[in-house]
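> generate a structure from the sequence data that follows.
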Amino acid sequence: MKIRRLLIAIALLASATAAGAADSGPVAAPPAAASPPTVTAAFRYNEGEAFARQQHWKFAESAYDDATKIKADFPEAWNGLGHARKMQNKFPEALAAYQEALRLRPAFPQALEYLGETYVAMGRMDDARGTLTTLKPLDAGLADKLAQAIDGQKPNAAW
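Predicted coordinates for the structure are as follows:
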């Protein structure tokens, strides 16, 4: 009911304005509509990061996926996409995203650590250990985190 009243009020205001304008001479053309802002890969990546901090994994996945479509050579977005998928137990899809991140940046410690955790979640312990070997010289802290996951000291829910 309120919406109907609002629409009637808007229609009355528009007709009154048009009537007043007819008496005052020519009216300038309305300004051209501004073009919508361009959505960048960085913008969607940052949205993905915000959703990930809130653990809204489906929204994070969508934002990261958009970022990779806008800019295919964006390893951080591929890594975020992998993480969002891992957190939803979409392990094969997560692996594909991490592998793309690592193709773009082979020495990417966070992607390696997440890749290793995904292997652990899938029960692919030999692959997880191989990833740990690659990660150790790059980042001792992340290597320790992956080693704990391999040793069974870190439950999936804590990822």
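> show me the contacts for Ala94.
In this structure, Ala94 makes contact with 82-83, 85-86, 114, 118, judged by CB atoms under 8 Å, 6 or more residues apart in numbering. C-beta: built from backbone N, CA, C; applies to glycine.
> buried ones among the residues you listed?
Buried residues within the contacts of Ala94, counting neighbours by 16 or more other CB atoms under 10 Å: 82-83, 85-86, 114, 118.
> spatially nearest residue to Ala77 (excluding sequence neighbours)?
Of all residues beyond its chain neighbours, the one nearest Ala77 is Ala67 (3.8 Å), with distances taken as CB to CB, 6 or more residues apart in numbering.
> just checking, that neighbour touches Asp73?
No. At 11.1 Å, Ala67 does not count as touching Asp73 under the criterion of CB atoms under 8 Å.
> neighbour count: those two, which is higher?
Comparing Ala67 with Asp73 by neighbour count (other CB atoms under 10 Å), the higher total belongs to Ala67, at 27 against 12.
> so for the more buried one, what pLDDT did the model give?
What the model reports as pLDDT for Ala67 is 97.
> for it, what are its contacts?
The neighbours of Ala67, taking CB under 8 Å, 6+ apart as the test, are 41-42, 44-45, 48, 74, 77, 80-81.
> change it to 7 Å
Contact criterion CB atoms under 7 Å, 6 or more residues apart in numbering gives 41, 44-45, 48, 74, 77 as the residues in contact with Ala67.
> ranking these by neighbours, who comes first?
Neighbours here mean other CB under 10 Å. Within these, the largest count is held by Ala77, at 29 neighbours.
> sec struct for it, please.
Here Ala77 takes the helix state, with states given by DSSP: H, G, I helix; E, B strand; the rest coil.
> that one contacts Phe43, correct?
No. Counting by CB atoms under 7 Å, no contact exists between Ala77 and Phe43, whose distance comes to 11.1 Å.
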